[in-house]
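# I would like to see how this sequence folds:
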Amino acid sequence: MIAFPFFVARRMSRGHRHLQGEASTSPLLRLSTIGVALSLGVMLISVAIILGFKRQVSSFAYGQTGHVSLYAWGSDWLGTSQHLRLGEGLRSFLEQRPDIRQVYPLLQRIVLLKTEDNYEGLMLYGVDSAFTHSYFSSRITSGVWPTFSALDSVDNPIVLPSKLAERMQCRVGDKLRLYFWGEQIRVRAYQLVGIYESSGLDKLPAITAGSSLRRLDRLGADEYSRLMIVLEQGERTDEVMASLSQELGQSPSLLQGQSLGLNSAEELMPDLFNWLALLDSNVYLLLSLMILVGGFTMITGLIIIVLDKTRQIGLLKALGASNRQIRSIFTLMSLRLMLRALLWGNVLAGAFCILQATLAPIKLDPRNYFMDAVPVVFDLGLWIGVNVGTALLILLMLLAPTKIIASISPSAVMRFD
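Below you'll find the predicted structure:
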């Protein structure tokens, strides 16, 4: 008995093109298929774009702050006047924690870059050979990423963001003059060895060896502007921060009498992460609307099929089929139509994502979006989840319209010519 609805649904679907009236209903059914395919495609593309935005913008934020920043209390996280002391005890405590992937000590200086035709102020990061932050090192578009150690072939190597290098007309190999403010203005020569992609963004830092800034400001070997702390699991930031605060508070010897500030990237860049949260709420609204559109489109398709098969419904009832069995038949026929639509929706979304990921035809203004093209990220779990969730919700929406089958009288429809 269970096989009966499957058998009839399969036969009716196969013979659908040969039945009278198909010529008039076929375009409407195709429109239903297209509507569901477009709805699913829009949902999948929206999820891929939102994930891409979140990953790119988060990468930008974490590239500036790490998941957590540790700095001298009373100083701004971008401050240059106060320094913390990173003793061996504190360094070992941080680096040996299993929830911390890497600790990057930074020196920071606001400097003036001057060429023959132009000048501009910028933030300069001083780092050591352990600084392998992927946000910067993986974005090198010209030149090389130096080791920032004695192994470098040039003295005082520097890496610039591409937007600044373009505006100042700097090329790899150029000698640059940087002006440092203090009790007196001092000038230091640097050689440009690399340029990293800044996606058109202004105010990204230049990067050089920390040793040059240390000599300039006469700092001790353990003095830094702040620490960028990268976690193993970024989603556990609040938990790790609470643990760090408690353990450091209970171990004053690690702090060597200094007071430190501890903040997450979300706290240091609240506007940025609030914007990302707003994107989440927008995509939830879009998914809901698209599921409703797809559901009502499938309901329309189901009603078209039922009206087109009125005589067959009357015949099945006359032969003893129950309303429940006939409803199952038409639900299965709608499922077949929906699966075809889901297939085309996946093809549409997949083609868009591949095209955008490879050729990036859709551009953005990096001054507003922190990137120069619409990013896409393929997440297999979410992709499958959207497909399964859409299919289940649309099937639930189809249960109510199949009840019109109960109102069809065999004697009335079989008498109709």
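
# can you give me the pLDDT of residue 29?
Per-residue pLDDT puts residue 29 at 76.

# surely it meets residue 303?
No: with contact defined as Cβ atoms under 8 Å, residue 29 does not count as touching residue 303 (10.9 Å). Any C-beta I mention is one placed from the backbone N, CA and C, and that applies to glycine too.

# in CSV, list the C-alpha atoms belonging to the one helix or strand residue 267 maps to.
For residue 267, the element it lies in under DSSP states H and E is helix 265-268. Extracted as CSV, the C-alpha positions of helix 265-268 are listed here (Å, rounded to 0.1, in the frame of the first residue of the first chain):
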residue,chain,number,x,y,z
ALA,A,265,38.5,43.2,18.9
GLU,A,266,34.8,43.6,19.3
GLU,A,267,35.3,46.2,22.1
LEU,A,268,38.0,48.1,20.3
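
# what are the boundaries of the helices in the stretch 151-300 of the chain?
162-168, 210-217, 237-249, 252-255, 265-268, 270-308 (DSSP state H, counting those that start in this stretch).

# from residue 74, how far off is residue 398?
63 Å (Cβ to Cβ, to the nearest Å).

# typo on my end, residue 309
Distance from residue 309 to residue 74, by Cβ to Cβ: 78 Å.

# can you list the weak-confidence ranges in the stretch 301-417 of the chain?
Low-confidence regions of the stretch 301-417 of the chain, defined by pLDDT under 70, span residues 367, 406, 410-417.

# picking that back up, which residue of residue 309 and residue 74 possesses the greater neighbour count?
residue 309 (24 against 9; other Cβ atoms under 10 Å).

# phi, psi for that one please.
The phi and psi values for residue 309, taken as degrees, to the nearest 10, are phi -110, psi 30.

# next up, phi/psi of residue 132, please.
phi -120, psi 30.

# residue contacts, it?
residue 102 (Cβ atoms under 8 Å, 6 or more residues apart in numbering).

# mind running it again at 6 Å?
Counting by Cβ atoms under 6 Å, 6 or more residues apart in numbering, residue 132 touches no other residue.

# i'd like the first residue to be 588 from this point on
Done: numbering now begins at 588, and the last item shifts to residue 719.

# distance of it relative to residue 697?
Taking Cβ to Cβ, one finds residue 719 at 25 Å from residue 697.

# okay, now the unreliable bits of the stretch 588-737 of the chain?
Residues of the stretch 588-737 of the chain that meet the cut-off, pLDDT under 70, sit at 588-589, 591, 596, 598-613, 721.

# show me where it has strands.
For the stretch 588-737 of the chain, applying DSSP state E, counting those that start in this stretch gives strands covering 655-659, 671-672, 687-701, 706-714, 727-730.

# how about those, which one is nearest residue 768?
strand 687-701 (7.4 Å; Cβ to Cβ).

# how near is the nearest residue to residue 672 once chain neighbours are set aside to residue 671?
Distance criterion Cβ to Cβ, 6 or more residues apart in numbering; nearest residue to residue 672, sequence neighbours excluded, is residue 809 at 5.1 Å. Going from residue 809 to residue 671 by Cβ to Cβ gives 9 Å.

# these two: which is more packed in?
Shown here are residue 809 and residue 671; by other Cβ under 10 Å, residue 671 has more neighbours (24 against 15).

# for stretch 957-968, buried residues please.
Buried positions in stretch 957-968, judged by neighbour count with 16 or more other Cβ atoms under 10 Å: 957, 958, 959, 960, 961, 962, 963, 964, 965.

# so how far is the lengthiest helix in the chain off the chain centroid?
As assigned by DSSP state H, the longest helix anywhere in the chain is helix 609-652. The chain centroid and the centroid of helix 609-652 are separated by 14 Å under Cα atoms, centre = their mean, to the nearest Å.

# check which helices and strands that helix sits against.
helix 852-855, helix 857-895, helix 910-946, helix 967-986 (3 or more Cβ pairs under 6 Å, 6 or more residues apart in numbering; DSSP states H and E).

# and the last one with helix 910-946, angle?
Read that as helix 967-986. Relative orientation of helix 967-986 versus helix 910-946 (axes from the mean of the first three to the mean of the last three Cα atoms, to 10 degrees): 150 degrees.

# wait, which of the strands of the stretch 588-737 of the chain is closest to residue 850?
That would be strand 655-659 among the strands of the stretch 588-737 of the chain, by Cβ to Cβ, at 5.5 Å.

# mind giving me the packing neighbours of that closest one?
Secondary elements touching strand 655-659 (3+ Cβ pairs under 6 Å, 6+ apart): strand 813-818, strand 847-851.
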